[in-house]
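*Asks:* Only the shape, not the letters, is given here:
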């Protein structure tokens, strides 16, 4: 029994460094990522993309998708903080991985990059569908565009398309504009209108459609024009991020290095925008950008420095919070003019926009409403591309004590006047009644 106990202890000690690689609020990019492929050749054919990740400090663990020893967690702890699924054709994942395990992984706050192609299996389609993305049901369909395709000697069916219709969001795609269009060859997908968390990042042109290039069209395509999404992202309510691409080639060395010239354009770019696009997008997916944290939430009466146990109605108070954004290397002050705080009890009694000092400190002062009860300071900050902030702090508000009211209340002056006028009138009436003959 003793050797067995020692063996278990050594196993836990050995695994503890692996667990420590988990997501850290103080360093969100210190992360361990599992890369699942259906062919180890992808490791070399997509090496530039993987190198951009390792150069930024990520630890990549490559495994075949059907490896019987696959596991995302052990002893109740997740072994990885991100998952790259470059195995579109896999029908069943190995080990303990399945659809439920992948979704639980995302539900636990971890990130996912998923790429598809024409060989996409039902498993991959189901994962995408649960994230709010529906791939074209036609298994042989590709995105075809007869006006926005790349000029190529090998592409005669116009499935190698060019797109620069990207989301207008600097937090998702970075400050720098795309230097060249993005090359795409793959399958189309649409966004589930019932899912408000999924966003198009790269869209097809209005002339695009989804169909089988080797078959004649017998009916109108189900997906056409700008409704076709080529690359989409999801930020879940728990701040987990998911990237879904209809093209595995989008990440390949071939597309990264390929020159691109759009049909009808005189401009030829020596290199496509794929590397820049994918690199910047992966920074967002793995929380190198758009990751917010709030610290030092404080409130006190105006002129005081300590936080009271409760407030009294009509008190004047100050509320402050510090908000920072992760840059990939360190935290910098987050600057915005739309951060609001609510003083809330069943509904907001006070709604104020916080001012900032350009150093990350947000503050506001206001008067407690003339209503007593249990209130909350609430901040619900949700902006496209940024992790959501949900702050709540409870505080009771009491009425005036009997000895705290003013001796004479201004609002009662009419009543005071009425009482004294009644007494004066009665006194005059008495004099008149008693002495008037």
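*Replies:* Yes, it's here. Just so we're clear, the structure is a prediction, and the values are computed from it rather than from any experiment.
*Asks:* ok, and residue 421, which helix or strand is that part of?
*Replies:* helix 413-435 (DSSP states H and E).
*Asks:* Pull the residues that contact that helix.
*Replies:* residue 408 (CB atoms under 8 Å, 6 or more residues apart in numbering). Where you see a C-beta, it was placed from the backbone N, CA and C, and this is true even at glycine.
*Asks:* any idea how far it is from the chain center?
*Replies:* 72 Å (CA atoms, centre = their mean, to the nearest Å).
*Asks:* What mean pLDDT does it get?
*Replies:* Averaging pLDDT along helix 413-435 gives 89.
*Asks:* and residue 135, how many residues sit next to it?
*Replies:* Residue 135: 22 surrounding residues under other CB atoms under 10 Å.
*Asks:* Identify the residues contacting it.
*Replies:* 116, 120, 125, 128, 129, 187, 188, 189, 246.
*Asks:* what sits opposite it in the beta ladder?
*Replies:* residue 189 (DSSP bridges).
*Asks:* where does it land on pLDDT?
*Replies:* Reading off the model, residue 135 has pLDDT 93.
*Asks:* show me where pLDDT drops low in the protein?
*Replies:* Residues of the chain meeting the criterion pLDDT under 70: 1-30, 153, 155-156, 437.
*Asks:* mind listing the helices for the stretch 51-200 of the chain?
*Replies:* 99-107, 122-130, 170-173 (DSSP state H, counting those that start in this stretch).
*Asks:* out of those, nearest to residue 45?
*Replies:* helix 122-130 (18.8 Å; CB to CB).
*Asks:* Residue 342 reaches residue 375, doesn't it?
*Replies:* No. The criterion here is CB atoms under 8 Å, and residue 342 misses it with residue 375 at 9.4 Å.
*Asks:* With neighbour numbers in mind, choose between the two.
*Replies:* residue 375 (24 against 18).
*Asks:* on that earlier part again, got the helices of the stretch 51-200 of the chain as JSON lines, with mean neighbour count columns?
*Replies:* Below are these laid out as JSON lines (neighbours: other CB atoms under 10 Å):
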{"stretch": "helix 99-107", "mean neighbour count": "17"}
{"stretch": "helix 122-130", "mean neighbour count": "18"}
{"stretch": "helix 170-173", "mean neighbour count": "19"}
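*Asks:* Residue 367 is nearest to which of the ones you listed?
*Replies:* helix 170-173 (35.3 Å).
*Asks:* got the contacts of residue 135 as TSV, with distance to residue 425 columns?
*Replies:* Output for the contacts of residue 135, formatted as TSV (distance: CB to CB, whole Å):
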residue	distance to residue 425
116	91
120	94
125	89
128	85
129	83
187	93
188	89
189	86
246	90
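*Asks:* phi, psi of the nearest residue to residue 353 once chain neighbours are set aside?
*Replies:* The spatial neighbour of residue 353 that comes closest, neighbours along the chain excluded (CB to CB, 6 or more residues apart in numbering), is residue 340 at 5.2 Å. Torsion angles at residue 340 (phi, psi; degrees, to the nearest 10) stand at phi -130, psi 150.
*Asks:* Also the one 3 residues further on?
*Replies:* Here is the backbone geometry of residue 343 (degrees, to the nearest 10): phi -100, psi 110.
*Asks:* quick one on the thing from earlier: from what I see, the residue nearest to residue 353 and residue 352 are in contact.
*Replies:* Yes. Using CB under 8 Å, residue 340 makes contact with residue 352 at a distance of 6.5 Å.
*Asks:* where does residue 49 land in three-state SS?
*Replies:* Recorded secondary structure, residue 49: helix (DSSP: H, G, I helix; E, B strand; the rest coil).
*Asks:* So residue 304 versus residue 400, what's the distance?
*Replies:* Separation of residue 304 from residue 400 (CB to CB, to the nearest Å) stands at 19 Å.
*Asks:* can you confirm residue 337 is in a helix?
*Replies:* No. Under three-state DSSP, residue 337 falls outside any helix and is assigned coil.
*Asks:* what's the burial count for the residue nearest to residue 353?
*Replies:* For residue 340, using other CB under 10 Å, the count is 15.
*Asks:* just the one 10 residues further on next, same as before
*Replies:* Other residues within reach of residue 350, judged by other CB under 10 Å, total 17.
*Asks:* can you count the residues close to the closest residue to it other than its chain neighbours?
*Replies:* Leaving aside its chain neighbours, residue 350 sits nearest to residue 343 (3.8 Å; criterion: CB to CB, 6+ apart). Residue 343 has 24 neighbours, counted by other CB under 10 Å.
*Asks:* Over to residue 277?
*Replies:* Around residue 277 there are 27 residues (other CB under 10 Å).
*Asks:* Kindly report the same for residue 175.
*Replies:* With other CB under 10 Å as criterion, residue 175 counts 8.
*Asks:* Contact partners for it?
*Replies:* Counting by CB under 8 Å, 6+ apart, residue 175 has no contacts.
*Asks:* before we move on, the earlier item: could you point out which of the helices of the stretch 51-200 of the chain sits nearest residue 273?
*Replies:* When the helices of the stretch 51-200 of the chain are ranked by proximity to residue 273 (CB to CB), helix 170-173 comes first, at 10.4 Å.
*Asks:* Which strands or helices does that closest one pack on?
*Replies:* strand 198-203, helix 274-285 (3 or more CB pairs under 8 Å, 6 or more residues apart in numbering; DSSP states H and E).
*Asks:* That one: how far from the chain's middle?
*Replies:* On CA atoms, centre = their mean, the centre of helix 170-173 falls 12 Å from that of its chain.
*Asks:* How about stretch 167-174?
*Replies:* 13 Å.
*Asks:* what's it in contact with?
*Replies:* So stretch 167-174 is contacted by 166, 199-202, 233, 277, 280-281, 283-284, 289-290, 384-386 (CB under 8 Å, 6+ apart).
*Asks:* try it again with 10 Å
*Replies:* 166, 176-177, 199-203, 231-233, 235, 241, 276-277, 279-281, 283-285, 289-291, 325, 383-386 (CB atoms under 10 Å, 6 or more residues apart in numbering).
*Asks:* Please identify the most buried of the helices and strands packed on helix 170-173.
*Replies:* helix 274-285 (a mean of 22; mean count of other CB atoms under 10 Å).
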